[in-house]
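Peer 1: need a 3D model of the sequence below.
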Amino acid sequence: MHVSFTATRAAEHTYAAGRWAATLTAQSATGETATQTASVTAYGLTLAGPNPARYGRRVAFRGAIVPAEKGLAVALAGPQGTVATAKTDAGGRYTVSARVKLPGEYVATSERAKSAPLALRVVPKLVTGLAGSGVRAGRYFFTARLVPANAGALLVNITRGQTVLVDRTFAGRVHIKLDTQRVISYRIRTEVRPNEGYAGTVRVLRANVVLPRLALGARGIAVSQLGGQLQRLHYAAPSGPAFDGRMVDAVYAFQKVHGLPRTGVVDARFWAHSRIPGRRCRGSHSRPGTSR
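Peer 2: As a prediction, this is how the structure comes out:
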């Protein structure tokens with residue numbers, strides 16, 4: 001007997017990624033039924049990566065095609081188009097390496113499927129440093145900049161001990177002169193206040209104002225200060241900005257009295273001892289190896 005079926009309804013079903021068997025059963029107006037089975041393959045493509053990513057660094061994006069399929073080409077697209085491609089392995093997995101510079105949506109696409117978008121944030125590159133000379137009475141600067149420049153603003157906090165010297169937000173590059181009139185240590189904290197799509201970051205550094213290393217032939221205010229300090233400690237040091245032979249003799253004498261290596265060079269150990277009045281002894285004003 002011939003039975004005629006007329007479809008009056010459309011059946012829809014959403015399948016998760018995988019291979020499935022779909023069975024359709026139809027029934028006629030008089031009660032007869034017919035069944036048909038079909039194979040259904042639903043593909044799914046995943047995408048994952050470190051979030052946030054660091055600006056300018058290579059990032060490994062990973063994912064897989066389900067059901068697994070080897071040799072499938074996968075393209076990774078970012079805010080400005082395709083950034084890298086890869087192929088799946090035997091297990092359907094892939095890895096795409098790309099240098100990230102822009103935040104936004106990243107999507108993996110193959111001929112089988114397309115991944116859900118990955119909303120990627122980017123940590124901008126914060127470049128901080130010290131320029132000039134960190135010696136006392138020198139020119140010393142703190143500098144900072146953000147790459148890319150539109151990633152946010154910079155909040156700079158500079159303290160000296162418990163005293164806050166700078167607490168200010170900068171829209172662009174930072175260039176701050178540090179006071180070097182005395183030996184001291186600065187703590188400098190720079191925080192990124194990020195714009196949309198970027199992530200914040202913080203850098204902390206120390207800036208130390210130190211006494212200079214002086215030797216024969218040196219000139220400048222530090223040499224004059226050295227001579228004055230040695231004279232106050234009763235050593236026969238010359239006045240003036242030149243580190244000459246007479247200054248070498250006075251340095252030798254000081255080092256001998258304080259048990260320091262007799263180098264004739266003024267270094268950190270010498271400065272540390274010269275701030276404490278030294279005891280006087282015979283020969284402290286004479287050349288090493290002679291006495292008065």
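Peer 1: quick one: the helices in this protein?
Peer 2: Applying DSSP state H to the chain gives helices spanning 221-232, 245-257, 268-274.
Peer 1: domain parsing for the protein?
Peer 2: Domain ranges of the chain: 1-42, 44-122, 124-209, 212-292, per automatic domain parsing.
Peer 1: and the average pLDDT for the first one is what?
Peer 2: This points to domain 1-42. The pLDDT scores in domain 1-42 average 71.
Peer 1: dump the residue contacts of Ile158.
Peer 2: By Cβ atoms under 8 Å, 6 or more residues apart in numbering, the contact set of Ile158 is Phe142, Val164, Leu165, Val166, Asp167, Ile176, Leu178, Tyr186, Arg187, Ile188, Arg189. Quick note: C-beta positions are derived from backbone N, CA and C, even for glycine.
Peer 1: now, which of those lie within strands?
Peer 2: Residues from those lying in strands, with DSSP state E as the criterion: Phe142, Val164, Leu165, Val166, Asp167, Ile176, Leu178, Tyr186, Arg187, Ile188, Arg189.
Peer 1: and of the contacts of Ile158, the nearest to Ala75?
Peer 2: Ala75 lies nearest to Arg189 out of the contacts of Ile158, by Cβ to Cβ, at 42.0 Å.
Peer 1: please pick the buried ones from the contacts of Ile158.
Peer 2: Phe142, Val166, Ile176, Leu178, Tyr186, Ile188 (16 or more other Cβ atoms under 10 Å).
Peer 1: and the pLDDT at the first one?
Peer 2: I take that to be Phe142. Taking Phe142 on its own, its pLDDT is 97.
Peer 1: turn the ones in strands among the contacts of Ile158 into CSV, columns for distance to Arg232.
Peer 2: Converted to CSV, the ones in strands among the contacts of Ile158 look like this (distance: Cβ to Cβ, whole Å):
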residue, distance to Arg232
Phe142, 33
Val164, 34
Leu165, 31
Val166, 35
Asp167, 39
Ile176, 34
Leu178, 28
Tyr186, 28
Arg187, 32
Ile188, 34
Arg189, 38
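Peer 1: close enough to count as contact, Lys114 and Val107?
Peer 2: Yes. Using Cβ atoms under 8 Å, Lys114 is in contact with Val107, at 6.5 Å.
Peer 1: nearest to Arg136, of the contacts of Ile158?
Peer 2: Leu178 (11.4 Å).
Peer 1: contacting residues for the spatially closest residue to that closest one that is not a sequence neighbour?
Peer 2: Using Cβ to Cβ, 6 or more residues apart in numbering and skipping residues adjacent in sequence, the residue nearest Leu178 is Tyr140, 4.5 Å away. Contact partners of Tyr140, counting by Cβ under 8 Å, 6+ apart, are Leu130, Ala131, Gly132, Ser133, Gly134, Lys177, Leu178, Thr180, Ala207, Val209.
Peer 1: try 10 Å
Peer 2: 130-134, 176-180, 186, 207-209 (Cβ atoms under 10 Å, 6 or more residues apart in numbering).
Peer 1: state the distance from the residue lying closest to Gly152 once chain neighbours are set aside to Leu146.
Peer 2: Excluding the flanking residues, the one nearest Gly152 by Cβ to Cβ, 6+ apart is Pro194, at 4.1 Å. Applying Cβ to Cβ, to the nearest Å, the value for Pro194 to Leu146 is 9 Å.
Peer 1: quickly list what's touching both of those two.
Peer 2: Counting by Cβ under 10 Å, 6+ apart, the common neighbours of Pro194 and Leu146 are Pro124, Gly152, Ala153, Thr201.
Peer 1: the last one against Val127, yeah?
Peer 2: It refers to Thr201. No. The pair Thr201 / Val127 is not scored as a contact, 11.3 Å apart, by Cβ atoms under 10 Å.
Peer 1: overlap in contacts of the two?
Peer 2: With Cβ under 10 Å, 6+ apart as the test, Thr201 and Val127 both reach Leu146, Thr190.
Peer 1: quick one: strands adjacent to the one helix or strand in the chain whose mean pLDDT sits lowest?
Peer 2: Every helix and strand of the chain was ranked by mean pLDDT, DSSP states H and E. The lowest is strand 18-27, at a mean of 76. As defined by DSSP bridges, the strand partners of strand 18-27 come to strand 33-42 (antiparallel).
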